[in-house]
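A.B. asks: Below is the sequence, then the predicted model.
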Amino acid sequence: MSRRTTGPFGVWAETQRQRQRQQEAEARQHRQEARQARAYERRAAQSYRGYKQADAIRRTEELDARVAALQDLLASGCRASVFRPSALMRAEELPSLAAVIEGVGRREPDAVVEYFSALPRRVRLLPGQQGSRRVEVVVPALLL
């Protein structure tokens, strides 16, 4: 007896077989697409992990370089001499006030300006009449 029969039952059976083959083909296609999607996701995940690993290596190298620079800075700071405030102080010689008064008497305002500009005060030159200059000395209240 043949599997394929003629008549309405044979047509119905053939239609059912075609429908089943089509469903199986669609299922195979769906499984193939799912496999491809999983493979793509795997490749994307590997690529992302590779990127993150390369970024982590780069950042680690940057941090190592900064740590080495800071260690060098610390080592050079430790080798340096100890800071003392006396190192900031320096001796300074000022002309005597008597010499300045003589300069004023001889109309040498530059001597006055030089004297007072060396002091921790402000000196302003004021315009005078006929080429002469007046000197105004502004002395901080603490020095009075």
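C.D. replies: Received it, and whenever you're ready, just let me know what you need. Numbering: from 1, shown residues only.
A.B. asks: Now do the strands in this protein.
C.D. replies: Here the chain has its strands, by DSSP state E, at 122-127, 133-138.
A.B. asks: What separation is there between Ala65 and Gly77?
C.D. replies: Note on Ala65: its distance to Gly77, by C-beta to C-beta, to the nearest Å, is 19 Å. Just so you know, the C-beta spots here come from the backbone N, C-alpha and C atoms, and that holds for glycine as well.
A.B. asks: By mean pLDDT, flag the weakest helix or strand of this structure.
C.D. replies: Least confident helix or strand, the chain: strand 122-127 with a mean of 48, by mean pLDDT, DSSP states H and E.
A.B. asks: Tell me how many other residues crowd Gly10.
C.D. replies: Gly10 has 13 neighbouring residues, counting by other C-beta atoms under 10 Å.
A.B. asks: Going forward, count from 44.
C.D. replies: Taking 44 as the first residue, the last one we looked at is Gly53.
A.B. asks: And Val125, what's its pLDDT?
C.D. replies: Looking at Val125, its pLDDT reads 80.
A.B. asks: Gly148 now?
C.D. replies: 61.
A.B. asks: Contacts for stretch 61-74, please.
C.D. replies: Applying C-beta atoms under 8 Å, 6 or more residues apart in numbering, stretch 61-74 turns out to have no external contacts.
A.B. asks: In that stretch, which residues are buried?
C.D. replies: If you call a residue buried by 16 or more other C-beta atoms under 10 Å, then stretch 61-74 has no buried ones at all.
A.B. asks: For that stretch, list the C-alpha coordinates in CSV.
C.D. replies: Only the C-alpha atoms of stretch 61-74 are listed here, as CSV (Å, rounded to 0.1, in the frame of the first residue of the first chain):
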residue,chain,number,x,y,z
GLN,A,61,3.6,20.6,3.5
ARG,A,62,2.4,22.7,6.4
GLN,A,63,4.6,20.5,8.8
ARG,A,64,7.6,20.9,6.5
GLN,A,65,7.0,24.7,6.4
GLN,A,66,6.7,24.9,10.2
GLU,A,67,9.9,22.8,10.6
ALA,A,68,11.7,25.1,8.1
GLU,A,69,10.5,28.1,10.0
ALA,A,70,11.6,26.5,13.3
ARG,A,71,15.1,25.8,11.8
GLN,A,72,15.3,29.4,10.5
HIS,A,73,14.3,30.7,14.0
ARG,A,74,16.9,28.4,15.7
